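Undergrad: 3D, please:
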Amino acid sequence: MTSLAHRISRRNRHKKWNFFQKTFRPGPEDTVLDVGFSENEYSGYDNYMEKFYPWPQNLTALGVDEPREITKRYPGVRFVRYDGRSMPFADKQFDIGWSNAVVEHVGPYSRQVEFVRELHRVSRSFFLTTPNFHFPVEVHTRTPLLHWLGKGVFDRYLRLIGKEWATGDYMYLLSRKNLESVLWDAGVPHWNVVPNRLGGFVLDFWVFCAEGR
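TA: Okay, here's the model as predicted:
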């Protein structure tokens, strides 16, 4: 099961990367912000942007972790730590913002709105992804169906099976309706939502705001 999940995740990240390249066509002059780097890597496809972006000197990675070892792994990239709220950058400082599966981790609805508003504020265009609440398997814990019973019930179950790390503010999953409400309340004027399917179900959503690209 773990091996299958890793294969699916790896394939999905490659798919996102290819879509990003075709949609935004980044070039050597574009400045890019990656929101959500991780100091610790648990697989070969963590910190995907840092691994594969061909112009690391134009890449800034933002996260809540203290960047230590990661700066040695990716010496060309600029790493910035922040409090998870206000992004410490000027308006439209970056040509492109990238945020892969982060918005579901920043907190409840109001924090998700704040996160997207900040991503839009500092980026001229952006690409954002998040898992689909209605996918039958909760992808972080690989638990089938139980997340549909509500966060309170699901959190109690996770504590019982020793996955307390995934409870509380760790994740607030989004449906398409929730996601579009977040985008609207964040003041993003134009966006497109792409449903990415796996086995007939929508696995996750890809949001792109590519004004001027």
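Undergrad: From L146, how far out is the residue located most distally from the centre of the chain?
TA: Using CA atoms, centre = their mean, the residue of the chain lying farthest from its centre is L160. It sits 27.5 Å away. Distance, L160 to L146, using CB to CB, to the nearest Å: 11 Å. Quick note: C-beta positions are derived from backbone N, CA and C, even for glycine.
Undergrad: same question, T23
TA: According to CB to CB, T23 stands 34 Å off from L146.
Undergrad: Centre of the chain to the longest helix belonging to the chain, how far?
TA: Using DSSP state H, we find that the single longest helix of the chain is helix 2-24. Centroid displacement of helix 2-24 relative to its chain, using CA atoms, centre = their mean, to the nearest Å, is 13 Å.
Undergrad: helices and strands around that helix, which ones?
TA: Applying 3 or more CB pairs under 8 Å, 6 or more residues apart in numbering; DSSP states H and E, one finds that helix 2-24 contacts helix 48-52, strand 94-100, strand 123-131, strand 192-198, strand 201-209.
Undergrad: Put together CSV for the ones you listed, with mean neighbour count, distance to G27 and mean pLDDT on each row.
TA: As requested, the helices and strands packed on helix 2-24 are exported to CSV (neighbours: other CB atoms under 10 Å; distance: least, CB to CB, whole Å; pLDDT from 0 to 100):
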stretch, mean neighbour count, distance to G27, mean pLDDT
helix 48-52, 18, 15, 95
strand 94-100, 24, 9, 98
strand 123-131, 23, 13, 98
strand 192-198, 13, 21, 97
strand 201-209, 19, 17, 97
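Undergrad: show me the contacts for P131.
TA: Contact partners of P131, counting by CB atoms under 8 Å, 6 or more residues apart in numbering, are 101, 104, 138-140, 173-174, 203-204.
Undergrad: Just the buried ones out of these, please.
TA: With burial judged by 16 or more other CB atoms under 10 Å, the buried subset of these is 101, 104, 138-140, 173-174, 203-204.
Undergrad: Can you add distance to V113 and give the residues you listed back as a markdown table?
TA: Formatted as a markdown table, the buried ones among the contacts of P131 follow (distance: CB to CB, whole Å):
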| residue | distance to V113 |
| --- | --- |
| A101 | 18 |
| E104 | 13 |
| E138 | 23 |
| V139 | 23 |
| H140 | 21 |
| L173 | 16 |
| L174 | 11 |
| L203 | 24 |
| D204 | 19 |
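Undergrad: Closest one to L183 out of those, please.
TA: Taking CB to CB as the measure, L183 lies nearest L174 of the buried ones among the contacts of P131, at 10.3 Å.
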